[in-house]
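> predicted model and sequence follow; I will ask about them next.
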Amino acid sequence: MTGKKSVARAMLMSDDTWRRHANPWSVWTRFGAIPLMILAVWSRDWIGWWCLAPIALVAAWLFLNTRVFAPIEKPVAWSSRGIYGEGLWVSGTASVTPEHRRLNRLLMAVGITGFLLIGYGLSALEIWPTLFGVTILTLGQLWRIDRFARLFDEHRRHARPE
């Protein structure tokens, strides 16, 4: 099993879960969870170990988020097409070009860089590395969604010859 399939399995991502996650509300509220998680972790400076409660709440929301919105059967929205494309990528059902693979690896590195900056900023309680990391992480994730939307569009175009 590939790493990407292992992650999807760990998140219990069934076909129905992917369709629910493709709901634009799911996509955009996950982005909204980023500042909430940062605030929850940062709150350790104010409330000590009690910060684990808001951290757990945000983590629970991130898990439930992909399950609570109505499923999208026909992806039209950019975000929905991106999540469908990600599902194709993970399942291996789409024909992925070397360009997609190369750019996805680059965007994963961008995301990891942002995540590391956030981790440093939160551990040191430094605002600038935290904000810079969030910016890098968010832009990288938006770009990944765009690439997955393109992958989905290409897959749909080839699966349904005109």
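Right, received. Where do you want to start? Note that the structure is predicted; figures quoted are calculated from it, not measured. Numbering: from 1, shown residues only.

> residue closest to the middle of the chain?
In the chain, the residue lying closest to the centroid (Cα atoms, centre = their mean) is Gln141, at 6.4 Å.

> any idea of the mean pLDDT for the helix ranked longest in the chain?
Of all segments of type helix in the chain, defined using DSSP state H, the longest is helix 127-159. The average pLDDT for helix 127-159 rounds to 94.

> go through that helix and flag the buried ones.
129-130, 132-134, 136-137, 140-141, 143-149, 151-152, 154-155 (16 or more other Cβ atoms under 10 Å). Heads up, the C-betas are built off the backbone N, CA and C, glycines and all.

> before we move on, the earlier item: excluding its backbone neighbours, what's nearest the residue nearest to the centre of the chain?
Nearest residue to Gln141 in three dimensions, chain neighbours excluded: Gly111, at 6.3 Å (Cβ to Cβ, 6 or more residues apart in numbering).

> ok, now how distant is that neighbour from Ser43?
24 Å (Cβ to Cβ, to the nearest Å).

> how about Asn65?
21 Å.

> quick one, which of those two is more surrounded?
Asn65 (19 against 16; other Cβ atoms under 10 Å).

> how about low-confidence regions in the protein?
Scanning the chain for pLDDT under 70 picks out 1-12, 94, 160-162.

> for it, what spans make up the helices?
Using DSSP H, the helices of the chain run over 3-10, 15-21, 24-42, 44-47, 52-68, 78-91, 98-124, 127-159.

> tell me what the shortest one is packed against?
The reference is to helix 44-47. Contact here means 3 or more Cβ pairs under 8 Å, 6 or more residues apart in numbering; DSSP states H and E; on that basis helix 44-47 packs against no helix or strand.

> for Trp28, give me its contacts.
Residues in contact with Trp28 (Cβ atoms under 8 Å, 6 or more residues apart in numbering) are Ser79.
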